[in-house]
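Enquirer: could you look at this predicted model? Sequence included:
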Amino acid sequence: GAGVSQSPSNKVTEKGKDVELRCDPISGHTALYWYRQSLGQGLEFLIYFQGNSAPDKSGLPSDRFSAERTGGSVSTLTIQRTQQEDSAVYLCASSTGAGDYGYTFGSGTRLTVV
Amino acid sequence: AQSVTQPDIHITVSEGASLELRCNYSYGATPYLFWYVQSPGQGLQLLLKYFSGDTLVQGIKGFEAEFKRSQSSFNLRKPSVHWSDAAEYFCAVGNSGGYQKVTFGTGTKLQVIP
């Protein structure tokens, strides 16, 4: 598509429930990133996918967080047993991966855990 | 590890006045530097980037930034601010080797008063 698409745009969930956030990158972009933006915080790196390489999961805050990327395209970020501190905006970005750092961000998913 | 500091959380300027947003980075080698803007409810948009060459970089919307290695700074400037520039601005640093991991600052929120 023309841009990075994220769904849902807003998600309210009860504490302890699992949630899945979806990111559809720009067609042809081999690199995909997930960031988390909490109130008053910068963007916190979560995970990075590049082509068929093993993802860099070094930013995932706990084992409740996981992500996968199927077919080198769509990515799903899963948060299990959500906690209130998971409330944030989750941003996805993609790029060509060709060294130009041409990140294109989606509009994000605002997650609220109640 | 790379890091970015944006010392000003919130800045208010009058429309038509000049603007300078501060950014200091920490990185062992020559960094890749970026400024992004985030308008309310929007994703992040790249304003400009520095990889090498001329240390004064021109970006979109009339913004420019100057890389000063001796000061580890990459301040964003605009000669005359418009009301539509009210947004949050993020400075970011990327590693110049390996894959494209970008670390963001905590952001500076710009308010423009008429």
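Expert: That came through, no problem. Computed from a prediction, not measured in an experiment: that's the story for all the values here.
Enquirer: what residue, apart from its backbone neighbours, is nearest residue 79 spatially?
Expert: Picking chain A for this. residue A:19 (5.1 Å; C-beta to C-beta, 6 or more residues apart in numbering or on different chains). Using the backbone N, CA and C atoms, a C-beta is placed for each residue, glycine as well.
Enquirer: correction: the question concerned chain B.
Expert: Per C-beta to C-beta, 6+ apart, closest to residue B:79 is residue B:18, 5.4 Å.
Enquirer: contact partners of the helix-or-strand element of chain B with minimal mean pLDDT?
Expert: For chain B, using mean pLDDT, DSSP states H and E, the weakest element among its helices and strands is strand B:102-104, scoring a mean of 87. Here strand B:102-104 makes contact (C-beta atoms under 8 Å, 6 or more residues apart in numbering or on different chains) with A:33, A:35, A:42-43, A:45, A:101, A:103, B:1-4, B:32, B:34, B:36, B:90-94.
Enquirer: how about stretch B:68-77?
Expert: Against stretch B:68-77 from outside (C-beta under 8 Å, 6+ apart): B:18-26, B:30, B:33, B:35, B:47-48, B:50, B:55, B:63-67, B:89, B:91.
Enquirer: identify those among the contacts of strand B:102-104 that sit within strands.
Expert: Among these, the members falling in strands are A:33, A:35, A:43, A:45, B:3-4, B:32, B:34, B:36, B:90-94 (criterion: DSSP state E).
Enquirer: using CSV, lay out the residues you listed together with distance to residue B:71.
Expert: As requested, the ones in strands among the contacts of strand B:102-104 are exported to CSV (distance: C-beta to C-beta, whole Å):
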residue, distance to residue B:71
A:33, 29
A:35, 27
A:43, 24
A:45, 25
B:3, 15
B:4, 14
B:32, 17
B:34, 18
B:36, 21
B:90, 19
B:91, 14
B:92, 18
B:93, 14
B:94, 19
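Enquirer: buried ones among those residues?
Expert: A:33, A:35, A:43, A:45, B:4, B:32, B:34, B:36, B:90-94 (16 or more other C-beta atoms under 10 Å in any protein chain shown).
Enquirer: and these, which is closest to residue A:95?
Expert: residue A:33 (7.8 Å; C-beta to C-beta).
Enquirer: got a list of what the closest residue to the closest one other than its chain neighbours touches?
Expert: Of all residues not flanking residue A:33 in the chain, residue A:93 sits nearest, at 4.6 Å (C-beta to C-beta, 6+ apart). Each residue near residue A:93 by C-beta under 8 Å, 6+ apart is listed here: A:4, A:32-33, A:35, A:103-106, B:44.
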